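Novice: Sequence below, structure please.
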Amino acid sequence: MEKFMGTNVVTDIIWENVYSRFLIFDIPTSTPLEELAIEIQDKNDCIVVEMRRFLKQNSTKEVSPVLITILGTTIPEAIKIWFVHQRLQQFIDRPRQCNKCFSFTHPSRICDKANACYLCGIVHIGPCQQPEKCVNCNGSHNAKSRSCPFYIKEQKILELKCRNHITTGEARRIFQQNTATYSETVKTMPAVTNLEDTINTKFETLLQAINDRFERQMAIFADMLQKSMDCICQNLCKIIAQFVYPGSSPVRKKKLFSNLRQMFGSITSWDAGGSNVTEDMPLG
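Specialist: I've put the predicted structure just below:
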């Protein structure tokens with residue numbers, strides 16, 4: 001478009017949400033990028049918009065990765081180059097900063113601020129003598145640090161932009177909405193945590209009460225059982241002493257009765273939760 005409503009205009013294409021970028025690796029450095037672009041377009045259903053080789057100046061490497069920009073928002077799993085299917089890697093750019101004020105929100109060419117020191121964030125002349133201080137987050141690091149929370153946030157925004165093929169502004173808006181939602185969720189977490197702690201405490205108290213009551217009931221049952229067994233054993237000893245050895249002398253019957261009582265007393269020594277103890281004793 002050169003004119004709009006009779007007025008001369010200059011137009012440009014906003015490429016942010018109409019193209020995709022990916023990396024291919026081990027491309028011979030001797031192969032011209034123009035030849036590579038023709039090969040990709042002839043063997044694959046895509047239109048190459050731009051290509052860039054990642055190779056340092058005066059490098060002697062024989063192969064290098066190549067960044068390819070194609071028209072469209074769909075990246076194939078692989079492309080065919082010289083009869084070989086080569087897998088791709090989606091390219092996610094690094095956050096870019098203004099070289100004057102070191103903001104992430106605009107480029108240097110439209111910045112109207114004075115040149116600041118990236119180490120301390122202050123506008124000064126000569127070597128920096130101040131401690132490091134980030135102009136973005138006020139942290140104790142320089143403005144170019146990759147551990148800066150602002151840098152990490154911008155990296156996540158770029159990942160969101162590339163994976164969803166949306167503009168940087170749209171990705172920033174979605175990221176801020178998600179962050180706000182997460183913050184609201186975190187605010188409600190202490191109340192939920194306190195409720196869980198209260199429920200756990202009451203449940204543990206209930207279990208302890210049930211366990212104490214069960215132990216008391218078992219102790220009562222064990223005592224009743226012990227008394228019943230003692231009574232049964234005493235009567236059984238009398239019957240055995242009277243009918244098994246009817247002609248024995250009173251002294252021998254008394255000794256036999258004593259031995260039987262000791263034996264049955266040992267057998268019936270029962271403890272709740274413990275083991276039964278048995279012992280063999282002579283009858284005469």
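
Novice: where are the low-confidence patches of the stretch 151-284 of the chain?
Specialist: Where the stretch 151-284 of the chain drops to pLDDT under 70, the residues are 181-195, 240-284.

Novice: try 50 this time
Specialist: The stretch 151-284 of the chain contains residues with pLDDT under 50 at 270-284.

Novice: tell me the contacts of residue 157?
Specialist: Contacts for residue 157 (Cβ atoms under 8 Å, 6 or more residues apart in numbering) come out as 168, 171, 172, 175. Every residue, glycine included, has its C-beta placed from N, CA and C.

Novice: Tell me how many other residues surround the nearest residue in space to residue 95 that is not next to it in sequence.
Specialist: Excluding its sequence neighbours, the residue lying closest to residue 95 (Cβ to Cβ, 6 or more residues apart in numbering) is residue 154, at 3.7 Å. Around residue 154 there are 21 other residues, counting by other Cβ atoms under 10 Å.

Novice: So residue 154 sits against residue 92, correct?
Specialist: No - here residue 154 does not reach residue 92: they are 11.4 Å apart, not a contact under Cβ atoms under 8 Å.

Novice: Out of the contacts of residue 157, which is nearest to residue 214?
Specialist: Nearest to residue 214 among these is residue 175, at 56.1 Å by Cβ to Cβ.

Novice: for that closest one, phi and psi?
Specialist: When read as degrees, to the nearest 10, the backbone of residue 175 gives phi -60, psi -40.

Novice: Enumerate every residue touching it.
Specialist: Contacts for residue 175 (Cβ under 8 Å, 6+ apart) come out as 153, 156, 157, 160.

Novice: Let me see the ranges of the strands in the protein.
Specialist: Using DSSP state E, the strands of the chain run over residues 3-4, 7-8, 19-28, 48-53, 63-71, 78-81, 84-87, 89-90.

Novice: chain center to the second one: distance?
Specialist: When you say that, I think you mean strand 7-8. Computed by Cα atoms, centre = their mean, to the nearest Å, the chain-centroid distance of strand 7-8 equals 57 Å.

Novice: Give the pairing partners of it; include direction for each.
Specialist: Strand 7-8 pairs in its sheet with strand 3-4 (antiparallel), by DSSP bridges.

Novice: and the partner strand, average pLDDT?
Specialist: Averaged across strand 3-4, the pLDDT comes to 70.
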